[in-house]
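Chemist: Here's my sequence, what's the structure:
(2 chains)
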Amino acid sequence: MLTGTNSKAAELQGSDKLPESVPPPNLSGTARGKWSRLGDPLFQTTTLFFALAIAGLVVLMMVEMALNSRLSFQKFGFSFIWRSIWDPVSGEFGALPFIYGTIISSLIALLIAVPVSLGVAIFLVEKAPRALSPPMLFLVQLLAAIPSVVYGLWGIFILAPLLRDQVYPRLQAALGFLPFFQGNQNGLGLLTAGLILSIMIVPIITAVTTDVLKAVPGTQREAALALGATKWEATRIVLQNARSGITGAIILGLGRAIGETMAVTMLIGNRPEISASLFAPSFTIASAIANEFTEATSDIYLQALIELGLILFLVTFLINALARLLVWSVTRGSRSAAHV
Amino acid sequence: MYSLRWRKFIDHSMTVLTALCALLVIGALVVILGYIVANGVRALNWSFLVNTPKPIGEPNSGIANAIVGTVILISLGALIGVPVGILAGVYLAEFGTHRFGNLLRFLIDTLTGVPSIVVGVFVWTIMVKPMGHFSALAGGVALAIMMTPIVARTTEEMIRLVPQNLREAALALGAPRWRVTIGVVLRTATSGVATGVMLAVARIAGETAPLLFTALGLNYLSTDLLHPMASLTFQIYYYAASPYDEWHAMAWAATLVLVGMILALNIAVKIFTRNRHA
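Modeler: Numbers count the residues shown, from 1 in each chain, chains lettered A, B, ... in the order given. This next block holds a predicted model:
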C-alpha cells in the first residue's frame, strides 16, 4: 500500500534519479536512504549557492566599479564629490553639477508626488468602496509598468511643448521675481525632468503606503470612531501610527527618482551647470552616465563616469536599506500589536 | 474644540480631495496611454512590423530587427535569471528562516532598488570591457540581473502560500525533503511562480538603460549573440533623439508595440491571479 503510493508519487514527480522499481522507504541505510540523506544537504547547498550569488552581486558591483574607477579616484580623491568642473577636454572632472541636478530634480518630484500618492493611498484604503479599490490600485500600478523611455518620448513631444508654450510663460509672469523662475526656457530642464519623475514615482509611493495603511489594525480606526471621531480624524490617527512606514515609502520613491535614467536624460537638457533657475538645463548622475558613457574617449573620462555610477550605487543602496528597514518596522510592529 | 459642523466639513473635503488625487493619477495614465495610441497607430502597419530600418526618405522602413532583438534579449535574460531566481527563492522560503536568511532577503531587496543604469555600467565592466565589444549576451546578463531579485522574492512568497499539510503528507510518505520541495511544493506553486516570471519579464521588456552599453543597438536584423543587437527600447530612444519627423513617427509606433506588449503581460497576470484567488 505504502509502496504503491510512493512509486506513484515518484512517477508524478517525473524523477529520473530513482531506479525503475522503487523499494519501500527504508530508514535503516539502504541505497535509497543514503541518497536521501545526501540529497537534502546537496539541495540546500545548491539553493543557498544561488541565493548567495544574487546577494553577492551587490558586493561584486561595488568592488567592480571601485576597481574600474581607481584612476579617477587617485587623481581627484574625495574632492571629486564637490568639484564643480566637468571638462573632458582638459581631463578635469567633478561630480557636483550632477549631484545638484539629481537632488533638485528628485526634490521637485517628491514635492509633487508625495501629497498626491498619500491622497491616493488614503482614498484606496480608507474611503473607496471595497469593490473599487483593487482595480483602481491596479490602474495606478500600470503607471509603473510604462517604460522610462516611453515617459521620455511622451515628455519630449507632448509635455515639454505644453510646458514651454502654456505653463512656463505664466509661471514666469507670476513668480518671475524668484531666482528659480528666471532666465530663458525651452521646455527642457530641471523642472520638466522633476515633473515627469513625479508621475513615475507615484505608483511606488502609493503601493507601499497602501500596504502600510492596511497593516495598521482596524481596531484603531474603530476605537477612534467609537470615541466620536469623524472618519478623517480616525484616518489621521492611522496616519500617525503608520508614519515611519510612510516615511519608508517616500524614501523608496526618492530612491527611484534618483536612479531614474532614460526619461530624465531625454528631458533635463543635459548641461553640466549649476544654475538657480529651474528652467535651466541640467544633468543628473544617471543621465550623465547614459549620455556620455559611449562617447568617453580617454581612460580618465570613462573612469570618472564609472565613479559617478559608484556614487549613485552607494547612495541608492543606503536609501533603499533605510527605506526597507522603516517599512519593515511598521509591518512587523503592527503584526505584534495585533497579537497583543 | 472645533464645532461638529466644521469637523464634518473637513471630513467631507478630505474625502473629495483624496478622490481627486486618485482621479488625477488615473487621469494621467489615460492621457499618456491615449497619446501613445493616437500617435502610434498613424505609423503602425504590417510593413512597419516586418521590415528593417531604412535610411531617411526610403519607403518601407520598419522595426522587425528591434522586435526580434527584444524577444531574444528577454529570452536570454529569462534563461539566466529565472532558474537562478527560483532556486534562490526556494532557499529563502525553505531554509531562510533564520537571521542569515533575513540578511540575504535584505540584500536581494536592495538589489531590486539598484538603478538600471548602474547595472548597465557593472555589466560593461565585467563583460563588454574584457570581451572588447558590445554584445547581446552582455545585454541578456544585464536584464537577468534586473530579473533575478523579482523572481526570487515572488517565488518565495508563492512557496509560503503552499499549505503546510501538503508538505507533511509528502514527508510522511517517506520522500526526502528536496523531492518534497521540487515535486510537491514547487509544483503546487507553479502558477504563482509563473506570474512572478511574467511580471519580471514585463519589467525588463521596458528597460533601456541596462542595454545602452551592453547590447547597444543595431540597424539590421541579427541573431548573433556575440554582437550588438537591436531592441525596441533602444530604437525608441534613438529615434526620439533624432531630428527627423519620420523617425519620430516610428518612435511612437514602436512605443505602441512595446507598451501593448507590456500592458498585455500585466493584464494577463492580473486575470491569472484573480482566477487563482477566486
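
Chemist: Counting neighbours, what do you get for residue 123?
Modeler: Unless you meant another one, I'm taking chain A. Using other C-beta atoms under 10 Å in any protein chain shown as the criterion, A:Phe123 is surrounded by 26 other residues. C-beta coordinates here come from the backbone N, C-alpha and C atoms, glycine included.

Chemist: Let me rephrase: I mean chain B.
Modeler: Every residue meeting other C-beta under 10 Å relative to B:Val123 is counted, giving 27.

Chemist: so it sits right up against B:Leu143, yeah?
Modeler: No. The pair formed by B:Val123 and B:Leu143 falls short of the contact definition of C-beta atoms under 8 Å, at 9.4 Å.

Chemist: Can you classify the residue lying closest to B:Pro228 once chain neighbours are set aside by secondary structure?
Modeler: The shortest distance from B:Pro228 to any residue other than its chain neighbours is 4.1 Å, reached at B:Leu216 (C-beta to C-beta, 6 or more residues apart in numbering or on different chains). With DSSP: H, G, I helix; E, B strand; the rest coil as the basis, B:Leu216 sits in coil.

Chemist: now do the one 5 residues further on
Modeler: Applying three-state DSSP to B:Leu221 yields a three-state assignment of coil.

Chemist: which residues touch the nearest residue to it once chain neighbours are set aside?
Modeler: Of all residues beyond its chain neighbours, the one nearest B:Leu221 is B:Asn65 (4.3 Å), with distances taken as C-beta to C-beta, 6+ apart. Neighbour list for B:Asn65: B:52-53, B:218-222, B:230 [criterion: C-beta atoms under 8 Å, 6 or more residues apart in numbering or on different chains].

Chemist: Please repeat the previous calculation with a cut-off of 7 Å.
Modeler: Counting by C-beta atoms under 7 Å, 6 or more residues apart in numbering or on different chains, B:Asn65 touches B:52-53, B:218, B:220-221, B:230.

Chemist: Can you give me the distance of B:Gly206 to chain A?
Modeler: Taking C-beta to the nearest C-beta, to the nearest Å as the criterion, B:Gly206 is separated from chain A by 3 Å.

Chemist: any low-confidence regions in the stretch 101-250 of chain A?
Modeler: Low-confidence regions of the stretch 101-250 of chain A, defined here as pLDDT under 70, do not occur.

Chemist: So which bits of it are right by chain B?
Modeler: Taking C-beta under 7 Å from any C-beta of the partner chain, the part of the stretch 101-250 of chain A that reaches chain B is made up of A:116, A:119-120, A:122-124, A:127, A:136, A:138-140, A:142-143, A:145-150, A:152-154, A:156-158, A:199, A:202, A:230-232.

Chemist: quick revisit: checking the residue nearest to B:Leu221 next. Helix, strand or coil?
Modeler: Put simply, B:Asn65 is helix when judged by three-state DSSP.

Chemist: Quick check on the contacts of B:Asn65: which are buried?
Modeler: In terms of neighbour count (16 or more other C-beta atoms under 10 Å in any protein chain shown), the buried residues within the contacts of B:Asn65 are B:52-53, B:218, B:221, B:230.

Chemist: What count of nearby residues applies to whichever residue of the stretch 201-340 of chain A sits closest to chain B?
Modeler: Scanning the stretch 201-340 of chain A for proximity to chain B using C-beta to the nearest C-beta identifies A:Gly259 as nearest, at 2.7 Å. Other residues near A:Gly259 come to 26 when the count uses other C-beta under 10 Å.

Chemist: Could you do the one 10 residues further on as well?
Modeler: Here the neighbour count serves as a burial measure; for A:Gly269 (other C-beta under 10 Å) it reads 23.

Chemist: Surely it and A:Pro281 touch.
Modeler: Yes. Assessed by C-beta atoms under 7 Å, A:Gly269 is found in contact with A:Pro281 at 2.4 Å.

Chemist: Can you spell out which helices and strands pack onto the longest helix seen in chain A?
Modeler: With residue count as the measure and DSSP state H as the assignment, chain A has helix A:299-339 as its longest helix. Helices and strands touching helix A:299-339, as assessed by 3 or more C-beta pairs under 7 Å, 6 or more residues apart in numbering or on different chains; DSSP states H and E, comprise helix A:31-67, helix A:70-76, helix A:190-215, helix A:243-259, helix A:285-292, helix B:99-112, helix B:116-123.

Chemist: circling back: next, the contact list for the residue nearest to the residue of the stretch 201-340 of chain A closest to chain B when sequence neighbours are not counted, please.
Modeler: By the measure of C-beta to C-beta, 6+ apart, the closest residue to A:Gly259 outside its immediate chain neighbours is B:Pro115, 2.7 Å from it. Contact analysis of B:Pro115 by C-beta under 7 Å, 6+ apart lists A:259, A:261, A:286, A:312, A:316.

Chemist: cutoff 6 Å now
Modeler: A:259, A:286, A:312, A:316 (C-beta atoms under 6 Å, 6 or more residues apart in numbering or on different chains).

Chemist: Give me the pLDDT value at it.
Modeler: According to the predicted model, the pLDDT of B:Pro115 comes to 94.

Chemist: from memory A:Leu305 sits against A:Thr294, does it?
Modeler: No. Proximity of A:Leu305 to A:Thr294 does not meet the contact threshold set by C-beta atoms under 6 Å, at 10.0 Å.

Chemist: Please say which of the two ends up with more neighbours.
Modeler: The neighbour comparison of A:Leu305 against A:Thr294 (other C-beta under 10 Å) goes to A:Leu305, with 26 against 12.

Chemist: what about that one, distance to A:Phe93?
Modeler: 9 Å (C-beta to C-beta, to the nearest Å).

Chemist: Tell me how far the residue nearest to B:Pro228 lies from B:Ala172.
Modeler: B:Leu216 sits 55 Å away from B:Ala172, taking C-beta to C-beta as the criterion.

Chemist: if you count what's nearby, which of those two comes out ahead?
Modeler: B:Leu216 (21 against 11).

Chemist: quick one: the more buried one from A:Tyr100, how far?
Modeler: Counting by C-beta to C-beta, the gap from B:Leu216 to A:Tyr100 is 30 Å.
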